[in-house]
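> Show me how the following folds:
(2 chains)
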There are 2 protein chains.
Amino acid sequence: MNEYLKHDEWKIVEEGFHSEKTRASESIFSLGNGMMGQRANFEETYSGETLQGTYVAGIYYPDKTRVGWWKNGYPEYFAKVLNSAFWIGINITVDGEVLDLATCSVRDFRRELNMKKGLLLRQFIATLPNGVELKVSAKRFLSIVSPEIGAIQYSITSLNRDVKVEMNSYIDGDVINEDSNYNEKFWDEVQKESNPFEGFLQMKTKKLDFQVGWRMFCSLKSGNDNIQTDSVETTEDEKYFGTIVSFSLAKGVEASLHKYVAVVSNMNHASTALNSASKAILETAVAKGFDQLLAEHIVAWAKKWEHGDIIIEGDVAAQQAIRFNIFQLHQTYSGEDDRLNIGPKGFTGEKYGGCTYWDTEAYCIPFYMVTAGNEVARKLLLYRYKQLDKAIENAAKLGFTNGAALYPMVTMNGEECHNEWEITFEEIHRNGAIAYAIYNYARYTGDNTYINDYGLEVLLGIARFWAQRVSFSESRQQYVMLGVTGPNEYENNANNNWYTSYIARWCMQYTMVQVARVKDELPEKYSSFVTRTHLNEGLEFTLWSDICNRIFLPEDKKKGVFLQQEGYLDKEQILVKDLTSSQRPLNQKWSWDRILRSCFIKQADVLQGIYFFEDDFDMDTIKRNFEFYEARTVHESSLSPCVHSILAAKIGDIDQAYNMYLRTARLDLDDYNREVKEGLHITSMAGTWLSIVEGFGGMRVKKDMLSFNPLIPNTWNAYSFKICFRDRVILIRVEKDKVTITIEEGNSLDILIAGKKHHLKNSPLVVKL
Amino acid sequence: MNEYLKHDEWKIVEEGFHSEKTRASESIFSLGNGMMGQRANFEETYSGETLQGTYVAGIYYPDKTRVGWWKNGYPEYFAKVLNSAFWIGINITVDGEVLDLATCSVRDFRRELNMKKGLLLRQFIATLPNGVELKVSAKRFLSIVSPEIGAIQYSITSLNRDVKVEMNSYIDGDVINEDSNYNEKFWDEVQKESNPFEGFLQMKTKKLDFQVGWRMFCSLKSGNDNIQTDSVETTEDEKYFGTIVSFSLAKGVEASLHKYVAVVSNMNHASTALNSASKAILETAVAKGFDQLLAEHIVAWAKKWEHGDIIIEGDVAAQQAIRFNIFQLHQTYSGEDDRLNIGPKGFTGEKYGGCTYWDTEAYCIPFYMVTAGNEVARKLLLYRYKQLDKAIENAAKLGFTNGAALYPMVTMNGEECHNEWEITFEEIHRNGAIAYAIYNYARYTGDNTYINDYGLEVLLGIARFWAQRVSFSESRQQYVMLGVTGPNEYENNANNNWYTSYIARWCMQYTMVQVARVKDELPEKYSSFVTRTHLNEGLEFTLWSDICNRIFLPEDKKKGVFLQQEGYLDKEQILVKDLTSSQRPLNQKWSWDRILRSCFIKQADVLQGIYFFEDDFDMDTIKRNFEFYEARTVHESSLSPCVHSILAAKIGDIDQAYNMYLRTARLDLDDYNREVKEGLHITSMAGTWLSIVEGFGGMRVKKDMLSFNPLIPNTWNAYSFKICFRDRVILIRVEKDKVTITIEEGNSLDILIAGKKHHLKNSPLVVKL
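Here you go, the predicted model:
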């Protein structure tokens, strides 16, 4: 557990320098603006433990796969987001001594991530080995208004004597990914120019030829005055340039370097135009200056908060946590580019390669849809639509035909990257989540145009996959689904995983319904769809219907529970409460086979299905399954507790719901799993948000209406959240005894509260709980 | 398919130089003497494709494990037999031109592996780019009389002009393993000395400090006369020394270099004594001279053949093949050192790391036991006994207690090396084979002393493992064995694999029987055994008995077959005959998940159990299971066809048996799988031998008697084999209409032929078939 961070409603604060936590802090204080992001590395030299990480959205490298034993079908490479040029660097030498917090004595250290403003602040007083007392104050942000711009204000003051200062402001492209499979460097220099206080570096990635340009401009002032410099030298090396400024600094006088950097890539500009584009963009930014850039940036953040904040009254730690999660999600993905997606660590680390997982559909889309609006969610859906061809190729590699699509477990450009057979080939439920997200989007937004124009083809490809992936068991006279891994990755290669088979059936059913609707409503679209996809309704739908009627869904009638997979009850039924703490977490204490043989569950599996399809089940069934599986779930995935929290709320168990919520909300801030140094759990942050909105708030869309079923944790006085719903902004405030719902923007509408219909007009609706 | 090798009863012959087959030939013509071995690399420079491989038995390196995704419990390293100093090197330069078959035109090339004599011959005439026609003749052997000695006679004659020759005879220790995980070199030099025509190199391996010394002595003659040299220079480099001799050679005169090398290691000598030991050993060898060393070697080979030959009359290809298999098995393991074992590729390649697999117990022990005698087989059993502590440690790492032992899947020193969870942790049937080999040895030899003194502890550790590895299913009220991989590795993580559960039960039962016998016959041994192992018969045997009574063994009563695993019949039951040739082999054409989901079987699984325990089943049951599973088996393991061949013979289907036999017998010679370049399938060669002796010959031990049930393939006129059985050498000759059994050494005994008892005395017994 971290205990070095202060509780504060709007800020993450580290007071006093916790050098042993540097890598963890670098993750927690990360900045991002959807287009780029970076760990909270220090600008100046730091010889202590650090993971320098600077990432540009969409720029990746297909790193040659590394496995122990090759299995046929494995992908040749694992795409990973590239660590890219370290552009924040400002090295300071004072009277010949390098400022390095690892070698100085440090006092009054304060680091602050201001979430309201999207601003990283750091200040400290360092006593250098040569006795100079240096006060440093640094501000940094990545503009969300001009997302190709980052800016730093770095100020120093010598507190005890006049000094000679040397400042080196540089951009260093000679970086490596910590997770490089073969210890290769992935960047080559294309061009470089450097002049005093400015310069440009363009590099391209190996293999895929992504090109990125970094342009820097600096100014050095004291107050409003330029500083008299002793010398200004430019310095260059391979993939590196900088400007070294020497000057005298009188005791007590503050010198401030403003460093502006434009980061442009050939995702958005021609490779040959990166130099000129960066120039234009940077000139505009420099002309505005640091303060105006920052002011615009803060205004933009205010808008994001206006639509998507959650306020918790009476619990500062919870308030801080939920804002941290919302803030990091917005830093990671802004919804402006349908070629981008949300890596499990966002821009905060390298683990999982920064690639796209099913987390996006299962957890993130609801968050962005509700807090940032339809268009953002639609971009995420389009991302998969644009990768449909690759998903069909991926399925074809595994022997599927006729346009069957298998979306990859891990991907950057639509091609599969993962290389564990039990995941890559078998954790196929991801395909279901991708279809579910389409349904979820249409249900929430009431907008069928995505399905009509794009989604139907995705649904068809997915349904075709399922129809081929099941096989007919002669002995059982039912369709079975063999060799799958469910969301609970503590089972591998299971037969008839209930969740997978259930969502597979649903995919086929929903696709048939949507095809029928389009056929009915838009006959021309239907006919061009059939032409494009060679759909043979007669043959295909007949088979699908037969599969839907006769698919094997394991359950235990006596216990009244669905079985995670066939044979689940053959396992020794010990419970999580019977485990000693020395055995936890299982994934560190038990060998893998023992975990697999046990009944213990990593994350919601049957319960994921009940969460997705809750209207299919009566409350008793939900309760029985929840109680059965919660007792066996070790929650060793960050994605696990939120679903349990939502279901606990669903069955009215607010204590359990709150308990589960606590396990996700401060996961990173409190570093429960002692791994935050590897990066933040970005996608699971969306799960935390879901725990409040869908869990405590009980928000659903039912019968085409917004529906709430609010509960409130005992320790909270009140909480409120805003949602964007069909051109409206709606505020929901839940207190101990009542819920108040207000339309802040948009027209009146019918809503359900605790199952009862109300008409919500311009004045707040108050309903007793 | 290879077609470049001539059929010959005693020799493998390549006529004409097949440069495209060089790596394959290097495997096939390999030499070994149990203590060391080498691929059939050329002595002289070869710039074409080659895999230089020289191995010293027992000298390995723990190479750091490489995996894509680490699972808890994986071993830190994979032990691999080390490529070691290339000591055969003799580079030839003629008139300034290097002799290199890749750059010369070559005629009259002939390479011959004389299996009767254990001798590798090579001769050819090369026209060098400078026009010199050089005749070369090379002989090489690794002595099986002095197994630390290798000798080469390398003769050259210029056919068309007087020439200047430079010969460099060297030892080069600067080698690398082709399969090095991180491209590291594994040897460091310890000491080196070189003088004209001789030298010594001592190296040690990284990490484990194995030390090996190589001492060379050369003599250069023409007929019996020394050659007048122009210069003799010694040359040294890191881990390298050589002698370069320059001399004039008149047209038509033959110059012969004799190169003797002693290879000594600290497995058998003190590290500090390697220099002196190699000197003594080499001096003795040189004093004998090449011809006498070779003569002794041939006599020793004659003895091996006298006891273990199989003669096939009327089928030269079959005769050559079975001798090749017997020859290579004897080259790989001589049974003199219980620290050594049999790697799947022997000394012929690097794949599988040269480690020990369950192949030894399942296939190789019967071969050595029957052809080389009890002592050799006992050495292989002792190998596992000596690794019992490690097997207990291995089980403890996986959470097992109370002295439960899990022998590793792959090992060098008893520690597990393999790193695929579905194999490492789950392919646990290997434990059963290790117990079965103990039983098999006692049954064949009639000798219980191994069990009394050593085997009982091994059996107990294994039985204890099984008793913990099953779990009790409350819902089924039976013991189940979850998460296993059977011999058929085309199923992973299956539940209730019939073979594994069957052999597990047998292990417990057999252990209880043997404990009872020792308790009865040798009460003192029993009591010290109990003290050592803390056996609690009351508790443990009661549990074991309950498990044996209530273990779940899946079967389909309607079809009358045992089920490879629970749910096997849920798979789509297509048959091998329904596969198109474009789909074969599955492991190259299908993705791994598709293979796993299919009903197709890599190698005998249920049938392995029926083979091991055939007396438990009536003939109809054996037939039904054979027919059911053979139709589903793709035999994509070299270990597969032999078991099917033996069972086909058992049920009287000689055509099927022969058909299966053909798939193993010439596997390497004809390179069915186009992979012989990676090395020979040494352990599956024992399976080929079994196909004849246990298959066609029907040899068993029943009721403590030798038993035969001979059949003969249609294309053969007769076949005969010799076996060592309880201090006897017995010759069995099978003709179309009769079998003749002769005791060549030892006393009379009762035997069974086709189930009928006969008393076999000093005169041959002839029985009509």
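
> quick one: average confidence on the biggest helix by length in chain A?
Among all segments of chain A classified by DSSP state H, the helix with the greatest residue count is helix A:274-308. The average of the pLDDT scores along helix A:274-308 is 96.

> Tell me if I'm right that residue A:349 and residue A:681 touch.
No - proximity of residue A:349 to residue A:681 does not meet the contact threshold set by CB atoms under 8 Å, at 9.9 Å. Bear in mind the C-beta positions are built from the backbone N, C-alpha and C, glycine included.

> mind listing what residue A:205 touches?
With contact set as CB atoms under 8 Å, 6 or more residues apart in numbering or on different chains, residue A:205 has these partners: A:59, A:60, A:61, A:82, A:186, A:187, A:188, A:211.

> partner strands of the helix or strand that the fourth one is a member of, parallel or antiparallel?
Element membership for residue A:82 (DSSP states H and E) is strand A:77-83. Counting by DSSP bridges, the strands paired with strand A:77-83 are strand A:54-64 (antiparallel).

> and the partner strand, which residues are buried?
When neighbours are counted by 16 or more other CB atoms under 10 Å in any protein chain shown, the buried residues of strand A:54-64 are found to be A:54, A:55, A:56, A:57, A:58, A:59, A:60, A:61, A:62, A:63.

> Distance to residue B:563 and pLDDT added to these, as a markdown table?
Putting the buried residues of strand A:54-64 into a markdown table (distance: CB to CB, whole Å; pLDDT from 0 to 100) gives the following:
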| residue | distance to residue B:563 | pLDDT |
| --- | --- | --- |
| A:54 | 56 | 97 |
| A:55 | 52 | 96 |
| A:56 | 55 | 96 |
| A:57 | 52 | 95 |
| A:58 | 50 | 94 |
| A:59 | 52 | 94 |
| A:60 | 46 | 93 |
| A:61 | 47 | 92 |
| A:62 | 43 | 91 |
| A:63 | 43 | 88 |
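
> Pick the one among these closest to chain B.
Proximity of these to chain B was ranked by CB to the nearest CB; the top entry is residue A:63 with 11.2 Å.

> That closest one reaches residue A:81, doesn't it?
No - using CB under 8 Å, residue A:63 is not in contact with residue A:81; the gap is 10.7 Å.

> Not counting its neighbours along the chain, what's nearest residue A:392?
Among residues not flanking residue A:392 along the chain, residue A:405 sits closest, at 4.8 Å (CB to CB, 6 or more residues apart in numbering or on different chains).

> Chain neighbours aside, what residue packs nearest to whichever residue of the stretch 201-350 of chain A sits closest to chain B?
Ranking the residues of the stretch 201-350 of chain A by distance to chain B (CB to the nearest CB) places residue A:344 first, at 14.5 Å. When the adjacent residues along the chain are set aside, residue A:344 lies closest to residue A:352, with 4.4 Å between them (CB to CB, 6+ apart).

> Tell me which two of the contacts of residue A:205 sit farthest apart.
Largest separation among the contacts of residue A:205 by CB to CB: A:60 and A:188, giving 15.5 Å.

> near chain B at all, the helix or strand where residue A:513 lies?
Taking DSSP H and E as the criterion, the element that holds residue A:513 is helix A:498-521. No - residues of helix A:498-521 contacting chain B under CB under 8 Å from any CB of the partner chain: none, with a closest distance of 12.8 Å.

> and the nearest residue to residue A:445 once chain neighbours are set aside, what does it touch?
If you skip the residues right next to it in sequence, residue A:445 has residue A:374 as its closest partner in space, 4.7 Å away by CB to CB, 6+ apart. When contacts are counted by CB under 8 Å, 6+ apart, residue A:374 touches A:441, A:445, A:447, A:724.

> Which pLDDT value does the model give residue A:374?
90.

> Dihedrals phi and psi, it?
Its backbone dihedrals place residue A:374 at phi -60, psi -40, with angles given as degrees, to the nearest 10.

> just to revisit the earlier point, what is the nearest of the contacts of residue A:205 to residue B:702?
Looking across the contacts of residue A:205 and measuring by CB to CB, the closest to residue B:702 is residue A:61, at 64.9 Å.

> Okay then, goodbye and thanks.
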